[in-house]
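**Student:** Here is a sequence with its predicted model. Questions after.
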Amino acid sequence: MELRVLGCSGGEAEGSRLTGLLVNGTVAIDAGSLTQALTLAEQVKVRQIFISHSHLDHICTLPFFTKNIFGHTQVPVEIHALPETLDALRRHLFNDELWPDFSVIPSPDNPIIRFSEIEPGRTYEVEGLRVTPIPVNHLVPCVGYRVEDDHSAFIFSSDTAATDRVYEEANATANLRLFITEASFPNAQAWLADAAKHLTPEKLGEELRKLKVDVPVGIYHLTPGDREVMLPELSALGDPRLTLLEQDARFEW
C-alpha cells in the first residue's frame, strides 16, 4: 500500500494545503487539496473519494476536480460519504448556484461523479482496498476511516473531539502501521476546541491513553498561525509515538 499526504493543515496558507490523502494513486480520503497537489494526469486516475464530513476544508477542491476530469473519464468517480454529508454537498455545493451539478452532467445516466451513501462500521471493497468508516465526535456527522489491504492498514480519525470507537478499532486492527489524528487549537484555546469539537495537545494526550498499540501517531490539522505555539505543547506530551504528519509525505507498507 502507498499512502500519499496531499495536505494535512487545519488552515490554508502559502505552503499549507488542506486535508487530503491518496492511497495507491486511485482512492482519495477527503478532498481539501486534490487539485492543488495532483497533476491533471494524476487527478484523472482518482476513481474513488471517501469524504469524512461536510466542512469546507475537507471538500473544497471537489468542484474544480469535477471540471478537470470532465471529458477524460468514461466511468463516474464515486463520492462516498454519510447521507448527511451527501445531502450537504447536493444542497450547498453541487446545486447549480455555487457549482454545476456534475452528478447529472453530462447526463443522469452517465455523470462525472456519482454519490454513494456509506454506513459506519460497514467495510467497502474498492480498488483492491478495504475501507471502513468509523464514527467520531465532531460538530457535524463525521467518520474516520480504516484503510487496509492484505498486508497493512492505517486509520485516519478525521476531525474529532473526545471519542472512543476509533481507538477501539485501532487496538483491534491487525497490521496497523499508522494512526492519524488531529490537534487543532493550542491549549489556551481549549474553550474554542470544545465549542468546535476539536482537540488541543492536552486533550490529545488524554485521548492517546486509549491507544494501546505501539504504532506511529501522525498529528494533522494544526492551523498555520498556531503551529509554533502548538509544537512545544505536543512535544511536552512525551509520547514517543507522536510525529507530525507532513505535507507530501509518502508511506509504503
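**Tutor:** Done, it's in.
**Student:** quick one: the helices in the stretch 101-250 of the chain?
**Tutor:** With DSSP state H, counting those that start in this stretch as the criterion, the stretch 101-250 of the chain has helices at 165-172, 190-196, 201-208, 227-235.
**Student:** want to throw those helices into a markdown table with mean pLDDT?
**Tutor:** Rendered in a markdown table, the data for these read as follows (pLDDT from 0 to 100):
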| stretch | mean pLDDT |
| --- | --- |
| helix 165-172 | 98 |
| helix 190-196 | 97 |
| helix 201-208 | 98 |
| helix 227-235 | 97 |
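**Student:** quick one: which of these is nearest G10?
**Tutor:** Among these, the nearest to G10 by Cβ to Cβ is helix 227-235 (9.3 Å). Where C-beta positions appear, they are placed from N, C-alpha and C, glycine not excepted.
**Student:** Tell me the gap between that closest one and the middle of its chain.
**Tutor:** Using Cα atoms, centre = their mean, to the nearest Å, the mean C-alpha position of helix 227-235 is found 22 Å from that of the whole chain.
**Student:** circling back to that earlier point, right, so of the helices of the stretch 101-250 of the chain, which gets closest to E12?
**Tutor:** Each of the helices of the stretch 101-250 of the chain has some distance to E12 by Cβ to Cβ; the shortest is helix 227-235, at 13.1 Å.
**Student:** who does that closest one touch, helix- and strand-wise?
**Tutor:** Counting by 3 or more Cβ pairs under 8 Å, 6 or more residues apart in numbering; DSSP states H and E, the packing neighbours recorded for helix 227-235 are helix 201-208, strand 242-244.
**Student:** Any chance you could list what contacts that helix?
**Tutor:** 183, 185-188, 200-202, 204, 219, 222, 242, 244 (Cβ atoms under 8 Å, 6 or more residues apart in numbering).
**Student:** next one: stretch 64-78
**Tutor:** So stretch 64-78 is in contact with 31, 34-35, 40, 43-44, 46-49, 99, 102, 105, 110-114, 116, 126, going by Cβ under 8 Å, 6+ apart.
**Student:** Kindly format the C-alpha coordinates of that stretch as CSV.
**Tutor:** Output in CSV follows, covering the C-alpha atoms of stretch 64-78 (Å, rounded to 0.1, in the frame of the first residue of the first chain):
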residue,chain,number,x,y,z
PHE,A,64,-12.6,22.0,-9.5
PHE,A,65,-11.7,18.3,-9.6
THR,A,66,-15.0,17.6,-11.4
LYS,A,67,-14.3,20.1,-14.1
ASN,A,68,-10.7,19.0,-14.5
ILE,A,69,-11.7,15.4,-15.2
PHE,A,70,-14.6,16.2,-17.5
GLY,A,71,-14.1,14.6,-20.8
HIS,A,72,-11.2,12.5,-19.5
THR,A,73,-13.1,9.6,-17.9
GLN,A,74,-15.7,7.2,-19.1
VAL,A,75,-16.8,6.0,-15.7
PRO,A,76,-18.2,8.2,-12.9
VAL,A,77,-15.9,8.9,-9.9
GLU,A,78,-17.6,7.5,-6.8
